[in-house]
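Colleague: Please work out how this folds:
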Amino acid sequence: MAHRLFEGKEHAASYWKFRISPSDDLIQHVLTFVGKQKGGPLLLAVDVGCGSGQSTVQLAKHFESVVGTDVSPAQLEVALQHTREPNVTYRQSVAEELPFADSSVDLITAMSAFHWFDRRRFLREVHRVLKPRACLALLNYTIDMEVDYPGCCLQSLNQVCKEFYAALHPYRSPHLGANSIELYRESYNSIPYANKEWHECVCVKMPMPLRSYMGLVESFSSYQVLLREDPEKAARLSQDICQRLMTIMKVTSAETEVVVGVKYFYLMASKNGPGDM
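Modeller: Residues are numbered from 1 along each chain as shown. Just a heads-up that it's a prediction; the model follows:
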């Protein structure tokens, strides 16, 4: 069974405001893989577990049609409010029962979502809807992001970040296990396609206000669990971490821009075509 943790309206709004999307370079790497494996016109891409749609719209200029699917009406409502691309639409559905015909999709993506699915059922559904030699791309990033600020001791700065992540660890879903990378690696190994790639420790530097870094961490499921269980404790934790970071940076505003290093890992696979082993 898929785990449904991101369906509230406030959380959906937080997703749109703070959640990051894969860099253009990562998206281009996926598209290069698709072009190499499949070739031909790219008609339909499906972004599963699309949330508020930031990653979905990144595919719009590369495909004739892009459909984002999510189980949450609140997430899709936010996505619709912010999407301007005429070839992007959204449909409510669970990841394990996609509303597409057999062999009809050129690319399926799931960006920071696959770990919440019933992974075996989802991969069977992927196999059903992908065209021969069409592709699957599953991307995610780790929580151990690093913050950089000019003239600042990085070790001191990131020790505070590590304490933030450690404080949230007890609220991590057991469904994710000790390390979500292993969930993806296991699935990669289980995919019976001849052409597939695994990539790990791909660091992407993203400038953003310190407040946005805090909002990003607060959008994670572990912080949201703490927020539901003890709102005051969650607020104290966030305020303390933010203040300590500003003290080390010697700034007084959380709008101060920092550079956040995000560590991505992802897999890509191409469905076997006629004659493939």
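
Colleague: those strands in the stretch 151-277 of the chain, which residues are they?
Modeller: Along the stretch 151-277 of the chain, the segments classed as strands by DSSP state E, counting those that start in this stretch run 195-209, 257-270.

Colleague: any chance of those strands in a markdown table, plus distance to Gln81?
Modeller: Heads up, the C-betas are built off the backbone N, CA and C, glycines and all. Output for these, formatted as a markdown table (distance: least, C-beta to C-beta, whole Å):
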| stretch | distance to Gln81 |
| --- | --- |
| strand 195-209 | 22 |
| strand 257-270 | 25 |
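
Colleague: Met145 is nearest to which of those strands?
Modeller: Across those, Met145 has its closest neighbour in strand 257-270 (5.3 Å, C-beta to C-beta).

Colleague: mind listing what Ser253 touches?
Modeller: Met246 (C-beta atoms under 8 Å, 6 or more residues apart in numbering).

Colleague: What confidence value was assigned to it?
Modeller: On pLDDT, Ser253 comes in at 97.

Colleague: and the gap between it and Ile27?
Modeller: 32 Å (C-beta to C-beta, to the nearest Å).

Colleague: neighbours of Pro86, just the number please.
Modeller: 8 (other C-beta atoms under 10 Å).

Colleague: from now on call the first residue 38
Modeller: Fine by me, first position is 38 from now on; the one you just mentioned is Pro123.

Colleague: so what's the backbone phi/psi at it?
Modeller: Dihedral pair for Pro123: phi -70, psi -20, per degrees, to the nearest 10.

Colleague: Tell me, what's the model's pLDDT at it?
Modeller: Listed pLDDT for Pro123 reads 96.

Colleague: what's the answer for Ala204, then?
Modeller: Ala204 is assigned a predicted lDDT (pLDDT) of 97.

Colleague: you'd agree it is up against Arg273?
Modeller: No - with contact defined as C-beta atoms under 8 Å, Ala204 and Arg273 do not form a contacting pair (10.4 Å).

Colleague: and the two? which has more neighbours close in?
Modeller: A direct count of neighbours by other C-beta under 10 Å for Ala204 and Arg273 places Ala204 higher, at 18 against 11.

Colleague: ok, the nearest residue to that one once chain neighbours are set aside to Leu247 distance?
Modeller: Spatial nearest neighbour of Ala204, excluding adjacent residues (C-beta to C-beta, 6 or more residues apart in numbering): Leu274 at 5.7 Å. As for Leu274, its distance to Leu247 is 16 Å (criterion: C-beta to C-beta).

Colleague: do the same with Glu134
Modeller: Plainly put, Glu134 is 41 Å away from Leu247 if you go by C-beta to C-beta.

Colleague: and the two? which has more neighbours close in?
Modeller: Leu247 (21 against 11).

Colleague: which residues touch the closest residue to Leu167 other than its chain neighbours?
Modeller: Taking C-beta to C-beta, 6+ apart, and ignoring the residues beside it in sequence, Leu167 has Lys308 as its nearest neighbour in space, at 4.5 Å. Shown in contact with Lys308 (C-beta under 8 Å, 6+ apart): His164, Leu167, Lys168, Pro169, Arg170, Ala171, Cys172, Leu173, Tyr230.

Colleague: at 10 Å instead, please
Modeller: The contact partners of Lys308, by C-beta atoms under 10 Å, 6 or more residues apart in numbering, come to 74-75, 140, 142, 145, 163-164, 166-173, 228-232.

Colleague: out of the residues you listed, which are buried?
Modeller: Buried subset of the contacts of Lys308 (neighbour count, 16 or more other C-beta atoms under 10 Å): 74-75, 142, 145, 163-164, 166-168, 170-173, 228, 230, 232.

Colleague: So which of those belong to helices?
Modeller: Among the buried ones among the contacts of Lys308, DSSP state H puts Gln74, Val163, His164, Val166 in helices.

Colleague: can you tell me which of these lies nearest to Gln261?
Modeller: Proximity of these to Gln261 (C-beta to C-beta) peaks at Val163, which lies at 27.5 Å.

Colleague: What's the separation between that closest one and Leu282?
Modeller: From Val163 over to Leu282 the distance is 40 Å, taken as C-beta to C-beta.

Colleague: do Lys75 as well
Modeller: Separation of Lys75 from Leu282 (C-beta to C-beta): 45 Å.
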